[in-house]
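J.: Compute the structure for the input listed below.
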Amino acid sequence: MPLPTPASEPSNTDPVLIFDSGVGGLSVVRALRAQLPGVPLAYVCDNAALPYGTKPDDWLVARIVAVCAAALAASGARALVVACNTASTLALEALRERLAIPVVGTVPAIKPAAALSHSGVIGLLATSATVCRPYTDRLIADFAAGRTVVRVAADALVAQAERRVAGEPLDRDALDRALAPLWAEERLDTVVLGCTHFPLLSEVLAERAPRPVQWVDSGAAIARRVAQVLDPLPPVGTNAGDPAWATGPVSPGLTRGFAGFGFGTPRSLVLPASHD
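T.: Residues are numbered from 1 along each chain as shown. Down below sits the predicted model:
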């Protein structure tokens with residue numbers, strides 16, 4: 001059942017809560033900061049359970065709901081952005097049933113990529129959990145019919161994005177191995193970054209590509225959707241030191257990474273005993 005409605009009506013100073021298993025949601029934060037500079041944000045990363053792709057679906061749904069409910073209670077947010085493709089495919093319905101605020105999900109940008117491609121050959125770069133899900137099949141059938149979609153599971157890029165945010169050196173060989181299957185199709189001209197971690201590497205990915213391609217992600221579309229569900233929008237602010245929470249250890253690198261996106265040092269998020 002839904003959480004109780006707050007005693008006071010949501011205010012335009014209440015934050016939008018961004019949720020991800022790790023730092024991938026920071027790519028969505030970047031889009032939100034650019035398009036909605038007055039909107040205060042909060043962030044929660046479930047780094048104690050990273051990576052999500054190796055966990056059973058039923059366990060993940062319960063975990064995601066528990067983390068988001070605890071973070072909502074801590075932040076007083078007026079909307080939730082599930083900035084994680086895996087979590088969106090599994091838990092949006094459960095979250096919308098449980099939480100008494102708008103919930104915005106993340107969908108790989110198949111539709112805009114299909115419109116942008118001149119050759120009709122599109123790459124989908126995502127995690128194993130996203131590449132093989134039925135919802136991805138439906139997206140391709142609905143929005144890329146008649147196009148060739150090269151699906152590439154690039155789980156190794158998640159760790160590289162986490163390293164980049166923490167200021168640690170990247171493994172260039174790992175990047176090249178993850179991208180290599182894309183280049184086997186010579187007509188490919190557009191790549192969907194189907195994991196929110198991947199836009200954090202966009203400049204590096206472009207540098208490693210053997211030829212120019214268009215890189216497409218969902219950040220801008222998510223920001224537009226958030227603007228639609230927020231009423232009214234607040235005045236432009238500085239967004240310095242917005243709150244953040246983590247379920248696992250907070251390293252100095254994680255703290256530096258969050259600071260680079262306008263957040264304070266992540267605090268520890270306490271979960272119910274069955275989910276800690």
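
J.: among the helices and strands of the chain, which has the poorest mean pLDDT?
T.: Ranking every helix and strand in the chain by mean pLDDT, DSSP states H and E puts helix 128-131 at the bottom, with a mean of 88.

J.: Mind listing residues that contact the helix or strand just after that one?
T.: Downstream of helix 128-131, the first helix or strand assigned by DSSP states H and E is helix 134-143. Residues outside helix 134-143 that contact it (CB atoms under 8 Å, 6 or more residues apart in numbering): 89, 107-108, 110-111, 114, 124, 126, 130, 147, 149, 151, 194. To be clear about C-beta, it is placed using only N, CA and C from the backbone, and glycine gets the same treatment.

J.: Report how many residues lie close to residue 108.
T.: Other residues lying near residue 108 total 27 when counted by other CB atoms under 10 Å.

J.: tell me the least confident of the contacts of helix 134-143?
T.: Among the contacts of helix 134-143, residue 89 carries the weakest pLDDT, at 86.

J.: The residue nearest to residue 246 when sequence neighbours are not counted: what's it in contact with?
T.: Excluding the flanking residues, the one nearest residue 246 by CB to CB, 6 or more residues apart in numbering is residue 266, at 4.2 Å. By CB under 8 Å, 6+ apart, the residues touching residue 266 are 43, 45, 244, 245, 246, 250, 254, 255, 258.

J.: From residue 256, how far out is residue 266?
T.: Residue 266 sits 11 Å away from residue 256, going by CB to CB, to the nearest Å.

J.: Also residue 144?
T.: 39 Å.

J.: and what of residue 214?
T.: Taken as CB to CB, the span from residue 214 to residue 256 is 31 Å.

J.: ok, of the contacts of residue 266, which one's closest to residue 21?
T.: Closest approach to residue 21 among the contacts of residue 266 (CB to CB): residue 45, at 6.8 Å.

J.: Please report the distance of that closest one from residue 139.
T.: In terms of CB to CB, residue 45 sits 26 Å off from residue 139.
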